[in-house]
Structures are given as structure tokens and as C-alpha cells.
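*Asks:* Structure for this input, please:
(one chain, ligands or ions: 1)
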Amino acid sequence: MNLSLSSEQEEIRQLVRDFAEREVRPRAEEIDQTSDFPRDLVDKAAGLGLLGILVPDSYGGAGLDHLSFALFIEEVARFSASTAVILDVHVSVGTEPIVLFGSEEQKRRWLPDLAQGRTLAAFALTEPEAGSDAAHLKTSARRRDGKYILNGSKIFITNAGEAGLYVVLASTDASAGAGGVSAFVVRGDNPGLTVGPRFKKMGLNGSAIAEVHLEDCAVPEADRLGAEGDGFRIAMRALDSGRIGISAQAVGLAQGALDDAVAYARERKQFGKPIAELQTIQNKISDMAVKVRAARWLTWQAASLCDAGAPFTMEASMAKLYATDSAMEVTLEALQVLGGYGYLEDYPMARRVRDAKACQIYEGTNQIQRVVIARELLAIS
Ligand code: CAA
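*Replies:* This next block holds a predicted model:
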């Protein structure tokens, strides 16, 4: 398998690297400290066409591939994982289900605004009692007079309150388990949809995560994605490529930590020489670099399989599991290289450690990734 980048992918990487260094880097610390949603950065990314990176050009998007998407998210996450997850959720689980499963009319209606960043997207699957067991949703959707009436609560919804469209998963037939789940696109200004206060989190402070309540929320039949009962499959497919994005976010976090650890080790002098000359530091740097590269290659492999139209569910789970565990390890090791300075909030390392933890949890905990991998290898369900 060829894991080198095409000239178009190299160009995209350069574009997003410039954007990340010029726009994201100077804002990253402030976003973390104030917890303000970085709408300015979302708008600037939209101005570069990045919010529609996976949307075909016929609907106003850039029509690029998942490897380009991974490059985009990695570069942003090198400096701000908060900003990366906002963009990632919009592009993948928020918008891609419409690209993949929307009717022609739905695509024409929603995709141009999503691609241009005039509308931000969110994905509402998780519920207080349905997290890892995503098939057993309590949120119901009952048909009435050409509409569905949605009732229930969603939790931990990224972009909640900021999004103009929510892909909502709800049960149209509670007796049918996964086969009774349907997907709907619900407008953020639907009077039946309300958003709770933003959660105060350990990290990812710029991202808006909150509960979403659906109370007699009337959704036109025309806003159902796919057929009734297709929702779980739609959600799982969305999460497959969402996990590529989270892997890329983790790679970016780890690469940023490694870059800072290398720079610090070359500069910091102890025992009369830069600590980079100490074997104990060299070992740490080497181990970190191997993890970052392996994580990136797993991510690129999953993205390449997806782009080739090949099965990639297991590979996306492998990438997500390895890259996010590695990001946790690498950010902690990088913090150790910086010693006391790493522990100060004046340096970005403590923020990276806080941010990395979320990656092991969302878009399927790493325990769930192991379930997905084992099922495929052992051919069990
Ligand atoms: N693609 C397409 N279809 C799939 C699929 C996939 N990747 N995975 C499963 N399916 C299909 C199955 O083929 C099956 O279809 P049939 O009934 O026709 O055979 C159906 O879906 C049910 O599949 P399972 O029997 O495997 O379902 P399960 O109930 O055993 O659950 C699970 C499987 C892997 C545990 C799943 O529930 C899961 O992934 N859980 C984690 C949920 C998750 O990732 N949540 C994250 C929330 S979003 C988020 O975090 C975003 C954010 O804000 C950052």
C-alpha cells in the first residue's frame, strides 16, 4: 500500500499548516483559558473551503478525500485540539451522513450552507442511558400528520448550541433494537429543540458540549435521512470516518507535544549540556516519535481504505485506539521532558494532556474500539 501523499494532498497539507500556524496557534491558549467558542477560526477555516472538505463540488464543497480531511484535522490539533474537534464533528459525523445518505433534494437543501460554513453541524446520538450501547435509544420519533414527533434527551453533544443542523438518531420502533433506529436532520432553530448549559470540562475548553432536549419536536418526513430503520447503520458509518478524524486529532496533539519536547530538550541545559544529550531524554523522544508516526500511518491507512471504497471499519477503530492511547502517553512523556515547566499552565503541555484524555473517550471509548476490532478478527457479532 502506498502511503505517500499526492501533490494535491501535499498542497492541502501546506494550506492547512499555514492556516494553523498563522491563525490557530496565536489563539490556542486564550481559547483554553476563556473557554470561548472560536467562531472566528471556524469562519476562517470556512473561508478556505475547509468546512466542505468532504462535500462534493457539485454541492459547493471541495470534494476532497478522507486523507486530506485527516491532514486538515491533524494540523489544527497540533495547536488547538478544541478547534480541531469542532471542525472534525462538523465535517465528519455532522455533514458526511447527508453526503452519503441524503436524497438529491436534501443534499441540495443542506450541503451548500454546510460546505461554506454558513451552517455548523452536530451529531446527536449519545443519551444519558445509551452511550457505548448506542442501539438502545430512548429518544422516540412517532409519525403524526406527515411529521415525526421527537421526544428525548441527548448528552455530550459537540457543537450543541452553535450548530444550525443536528443529525439526530431516534427510535421509530423500540422493539426492533438497532433496526428500529432512524436518522433525522433537525434544524437548530426548531422550537422543540433546546440546548442545556455548556458542560465545564477537564479540557477541550473551546468546544461547546451540552445536552440537547427534544420535546414534541416536529420534524417533517422529508427531513428523515435514509429509510426508517436505517439510522443505526447511518450512525455507525458516520462514526467509522469520524474515528479517522479523532485519530488525526490525536496525532496532531502528539506531534505538537513532540515538537515542543524536542525544542525544549535542545535548549534546556543541565549538567553543563543540553538535556538532549542525555540518553534518558533521547529514549523518551525516540519512543514518542515512533508512536506519533505509527499512529499517523494507521490513520492514513484507514483514510486510504475509505477513499478506495474498501471496508475500513476495523482499521478506523485500530487507528482511533492506537492514536488516542498514544496521544495520552506522548503528551504525558513530553510534559515530563519539560519537567516543572510542563506542569505550568503557562505552557501548552498541560493543556495537551487535558485535551488528549477526551480522545480516548468520545466517538466510541477505546474499550468499544477493541470490541469492534475483536468482532471483525474473530468473526463474531
Ligand atoms: N457500518 C455499517 N453498519 C454497521 C456498522 C458499521 N460500522 N457497525 C454495525 N453495523 C450494522 C450491523 O451490520 C448490524 O446490521 P444488521 O442488523 O443488518 O446485521 C447493525 O448495524 C447492528 O450492529 P451490531 O449488532 O454490531 O450492534 P451493537 O448494538 O452490537 O453495537 C457497537 C455495536 C460497536 C458497540 C456500537 O453500538 C458502537 O459503536 N458503540 C459506540 C457508540 C459511539 O461511538 N458513540 C460515540 C458518540 S458520538 C461522539 O462522541 C461525537 C462527539 O461529540 C465527538
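*Asks:* Tell me the first helix or strand C-terminal of the longest helix belonging to the chain.
*Replies:* The helix that spans the most residues within the chain, counting by DSSP state H, is helix 231-267. Next along the chain after helix 231-267, taking DSSP states H and E as the criterion, comes strand 269-270.
*Asks:* what about the helices in the stretch 151-300 of the chain?
*Replies:* Taking DSSP state H, counting those that start in this stretch, the helices of the stretch 151-300 of the chain run over residues 231-267, 279-307.
*Asks:* now, of these, which is deepest in the fold?
*Replies:* Counting by mean count of other C-beta atoms under 10 Å, helix 231-267 has the highest mean neighbour count of those, with a mean of 25. Bear in mind the C-beta positions are built from the backbone N, C-alpha and C, glycine included.
*Asks:* what is the orientation angle of that helix with helix 279-307?
*Replies:* Relative orientation of helix 231-267 versus helix 279-307 (axes from the mean of the first three to the mean of the last three C-alpha atoms, to 10 degrees): 150 degrees.
*Asks:* let's have the chain start at 840 instead
*Replies:* Let's use 840 as the start, then, which means that last one is helix 1070-1106.
*Asks:* follow-up on the earlier one: of all the helices of the stretch 990-1139 of the chain, which lies closest to the ligand?
*Replies:* helix 1070-1106 (3.3 Å; C-beta to the nearest ligand atom).
*Asks:* Now do that closest one: distance to the chain's middle.
*Replies:* Centre-to-centre, helix 1070-1106 and its host chain are 8 Å apart (C-alpha atoms, centre = their mean, to the nearest Å).
*Asks:* Could I get the full set of strands for the protein?
*Replies:* Ranges of strands within the chain are 960-963, 979-983, 986-997, 1004-1010, 1020-1026, 1032-1034, 1048-1059, 1063-1064, 1108-1109, 1112-1113, based on DSSP state E.
*Asks:* export these to TSV and tack on mean neighbour count?
*Replies:* Shown next, in TSV, are the strands of the chain (neighbours: other C-beta atoms under 10 Å):
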stretch	mean neighbour count
strand 960-963	29
strand 979-983	16
strand 986-997	21
strand 1004-1010	27
strand 1020-1026	24
strand 1032-1034	19
strand 1048-1059	19
strand 1063-1064	22
strand 1108-1109	11
strand 1112-1113	12
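*Asks:* how many neighbours does Ala1147 have?
*Replies:* Per other C-beta atoms under 10 Å, the neighbour tally for Ala1147 reads 12.
*Asks:* of all the residues in this structure, which ones are close to the ligand?
*Replies:* Within the chain, the positions lying close to the ligand (C-beta under 6 Å from any ligand atom) are 928, 932, 962, 964-965, 971-974, 995, 997, 1017-1018, 1071-1072, 1075-1076, 1078-1079, 1152, 1201-1203, 1207, 1210-1211, 1220.
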